[in-house]
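**Student:** Give me coordinates for this.
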Amino acid sequence: MEGRKRPDTTTESDLVYSGVARAFHWLTVAFVAILIPVGLYMVERGKATNFDAFTNTLYSGHKLAGFILLWIIVARLAYRFTKGAPPDEPTLEWWQKAASHMTHWGLYGLLLAVPLLGWYGISLYGALGTFGGLQLPAIAAQDQKAAEFVFMLHFWGAMLMLAAIAAHVGAAYYHHAIRGDGVLRRMLPGLKKRG
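**Tutor:** Residues are numbered from 1 along each chain as shown. The predicted structure follows:
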């Protein structure tokens, strides 16, 4: 199905995210694409190997990368709140705009909550060390039982994030490959129009 024509007053460049916003987006994608698979692998490896040196390295990297991602998301949200975002793709139906906004803000919430839960969990567990002896600051007193519960929330938050990412990517593909509108070009402005 062909995308609808935009109103004459809206140009393609008006709808594209800024270079800074796109950099934040793709940096977030890179971190999440590494953090979730490594997180799943390190937990399973730790169970299977009784936590060897390589598993410890994976945990150290995961903790540090998650901590860095948290501050990237804080900076990304600060940029979003101060600079705003381009207007919605004008060919979208109201319910598509609503679904898009809910997915975006849900992802922002999860991108904050999941690293925060990880940081809270390692604080409760007492495992704040990362590479080179760097110690992350504790945000809670040690409590191993509470740590187990928080790590469970951290895991399910990451799984929920994966589901939201799948919806986000699926919608972007649908808009590009089926509707042929400009939704995906907002984040990839060099992408050629379908057809």
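
**Student:** Check the secondary structure at the residue positioned nearest the centre of the chain for me.
**Tutor:** Nearest to the mean C-alpha position of the chain, by CA atoms, centre = their mean, lies Leu111 at 4.9 Å. Here Leu111 is recorded as helix under DSSP: H, G, I helix; E, B strand; the rest coil.

**Student:** give me the low-pLDDT residue ranges for the chain?
**Tutor:** Residue ranges of the chain with pLDDT under 70: 1-12, 194-195.

**Student:** Please enumerate the strands of it.
**Tutor:** With DSSP state E, there are no strands along the chain.

**Student:** Does the residue nearest to the centre of the chain touch Val74 like I think?
**Tutor:** No - if you go by CB atoms under 8 Å, Leu111 and Val74 don't touch, sitting 9.8 Å apart. Yep, even glycine has a C-beta here, placed from its N, CA and C like the rest.

**Student:** coming back round to it: the residue nearest to the centre of the chain and Thr57: what is the separation?
**Tutor:** 25 Å (CB to CB, to the nearest Å).

**Student:** quick one: the helices in this structure?
**Tutor:** With helices called from DSSP state H, the chain shows them at 19-49, 53-83, 94-125, 144-173.

**Student:** Can you list the buried residues in the second one?
**Tutor:** Neighbour-count burial for helix 53-83 flags 55, 58-67, 69-70, 72-73, 76, 79-80 (criterion: 16 or more other CB atoms under 10 Å).

**Student:** same question, the third one
**Tutor:** The neighbour-count check on helix 94-125 (16+ other CB under 10 Å) flags 96, 100, 106-107, 110-125 as buried.

**Student:** and if you look at the shortest one?
**Tutor:** Burial within helix 144-173, assessed by neighbour count using 16+ other CB under 10 Å, is assigned to 146-147, 150-151, 154-155, 157-158, 160-161, 164-165, 167, 171-172.

**Student:** Looking at those, spot the one nearest Gly190.
**Tutor:** Closest approach between the buried residues of helix 144-173 and Gly190, by CB to CB: Ala172, at 15.0 Å.
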